[in-house]
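**Q** any chance you can model this:
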Amino acid sequence: MSTMDSKWRDFIRRHRGVAVLFATAVVLAFVGAVYVFWWFAGNAVSSGLVPSTLGLWTIGNLIAFVVYGTLWELVLIGVPIAIGAGIGWRWWKSLPHEEREGYHFRGSGRSTGGGGVGFLIFLVFCLKVYLDGKWNTPLANFSLAYVADSLVVILAWGAVIAGIFAAVALIWWLRRAPS
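**A** The predicted structure follows:
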């Protein structure tokens with residue numbers, strides 16, 4: 001066990017009440033987020049936001065469901081979490097500097113994120129569906145050929161755009177390089 005682990009263990013022992021409160025808040029936030037999603041999904045059909053059968057959903061329904069669901073989560077869960085984080089930060093800052101000095105919140109320094117490429121491809125796919133006039137077409141009516149062709153077109157657009165930026169960067173670099 002590292003010295004940092006033992007420092008944190010001692011810190012949690014000294015501030016047991018706050019540690020229990022923090023753990024309870026995390027569990028309640030998770031349960032609350034699940035409940036809000038469950039509530040929103042149940043009411044999305046009855047309110048007419050989306051059809052009850054997934055095969056009848058359109059890209060427009062999907063985007064509306066995600067946007068409204070995210071907004072409800074932010075309002076009902078995100079705002080209380082932000083308020084709690086502010087209170088927690090004020091508590092942390094109220095501790096003596098000597099006590100806070102030895103603790104670090106840094107992770108390992110490695111990122112395991114996907115870089116958002118899949119999300120970007122989804123957004124461009126939504127744009128292509130809109131431009132093709134299929135925004136209100138049920139997803140069940142999309143053929144595999146249409147989706148595959150769309151992905152090929154999206155990748156080609158991406159290659160052209162990336163190629164333009166690469167060419168501009170290469171020309172700029174060549175012009176700045178000493179002769």
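
**Q** report pLDDT for residue 110.
**A** Residue 110 is assigned a pLDDT of 65 by the prediction.

**Q** just checking, what packs against the helix or strand residue 159 falls within?
**A** Residue 159 is part of helix 144-176, with elements assigned from DSSP states H and E. Applying 3 or more CB pairs under 8 Å, 6 or more residues apart in numbering; DSSP states H and E, one finds that helix 144-176 makes contact with helix 117-131. For every residue, glycine as well, the C-beta is placed using N, CA and C.

**Q** quick one: work out the angle between the helix it packs on and helix 144-176.
**A** 120 degrees (axes from the mean of the first three to the mean of the last three CA atoms, to 10 degrees).

**Q** and the helix holding residue 159, which residues are buried?
**A** Buried residues in helix 144-176, counted by 16 or more other CB atoms under 10 Å: 150, 154.

**Q** quick one: that helix to chain centroid distance?
**A** 25 Å (CA atoms, centre = their mean, to the nearest Å).

**Q** can you list the domains in this structure?
**A** 1-105, 111-179 (automatic domain parsing).

**Q** returning to that earlier point: could I get the average pLDDT for the helix holding residue 159?
**A** 92.

**Q** stretch 122-130 now?
**A** On average, stretch 122-130 scores 94.

**Q** same check, this time on stretch 69-85
**A** 96.

**Q** repeat that for stretch 29-37.
**A** 94.
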